[in-house]
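K.L.:
quick one: sequence plus predicted model below, questions after.
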Amino acid sequence: MKEIELNLPKIIEKNEKLKNGNVTEIQSNEEFEKITSSDSKDQLIILYFHSTISDSCKFMNPIYSKESVVYPTCKFIKIDSDKHSNVTEFYQISSLPSFIFIKQNEEIDRLEGVNQTEFLTKLLNHSSH
């Protein structure tokens, strides 16, 4: 199992559809506000705070993108913490990568750091409620 997990980022990188997935990369604060305040309040939103220079984030990028394809009813939003420091500060992000799980406009869970198993477990648990 570990061998498959370790090779997963390379497999995803070769598959263009999985590489980008259904992830929205935030370009502005206004876009972030618009996307997170949409009408689908029962929809699970997974915020992914990352940095383009972090090796840990580079490891999680393809996993996050792949899961956006696996869970099409969830909203996957990627936030570059260097470009959007006000959003990063609002969510009190202290380490990267960080994942915030939101439902009905409230934070229901979070994960800081690289832990693929815990990320997948939280995603599965929260998307089925």
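P.N.:
In hand now; what should we look at?
K.L.:
Three-state assignment for the most centrally placed residue in the chain, please.
P.N.:
Nearest to the geometric centre of the chain sits residue 48, at 3.4 Å (CA atoms, centre = their mean). What DSSP: H, G, I helix; E, B strand; the rest coil gives for residue 48 is strand.
K.L.:
how about the nearest residue to it, chain neighbours excluded?
P.N.:
residue 78 (4.8 Å; CB to CB, 6 or more residues apart in numbering). Using the backbone N, CA and C atoms, a C-beta is placed for each residue, glycine as well.
K.L.:
could you say which helix or strand holds that neighbour?
P.N.:
strand 75-80 (DSSP states H and E).
K.L.:
model confidence over that strand, on average?
P.N.:
The pLDDT scores in strand 75-80 average 95.
K.L.:
what do you get for stretch 52-63?
P.N.:
When pLDDT is averaged along stretch 52-63, the result is 94.
K.L.:
would you mark the buried spots in that stretch?
P.N.:
54, 57, 60-63 (16 or more other CB atoms under 10 Å).
K.L.:
go through the host helix or strand of residue 121 and flag the buried ones.
P.N.:
Element membership for residue 121 (DSSP H and E) is helix 116-127. Buried residues in helix 116-127, counted by 16+ other CB under 10 Å: 119, 122-123, 126-127.
K.L.:
can you check stretch 80-94 too?
P.N.:
Neighbour-count burial for stretch 80-94 [16+ other CB under 10 Å]: 80-81, 84, 87-88, 91, 93.
K.L.:
quick one, strands of the protein?
P.N.:
Ranges of strands in the chain, per DSSP state E, are 23-25, 45-50, 75-80, 98-103, 106-112.
K.L.:
just the ones you listed: most buried one?
P.N.:
For those, the largest average neighbour count (mean count of other CB atoms under 10 Å) is found in strand 45-50, namely a mean of 24.
K.L.:
next, the angle strand 106-112 makes with that strand.
P.N.:
Strand 45-50 and strand 106-112 are oriented at 30 degrees to each other (axes from the mean of the first three to the mean of the last three CA atoms, to 10 degrees).
K.L.:
which other helices and strands contact strand 45-50?
P.N.:
helix 55-70, strand 75-80, strand 98-103 (3 or more CB pairs under 8 Å, 6 or more residues apart in numbering; DSSP states H and E).
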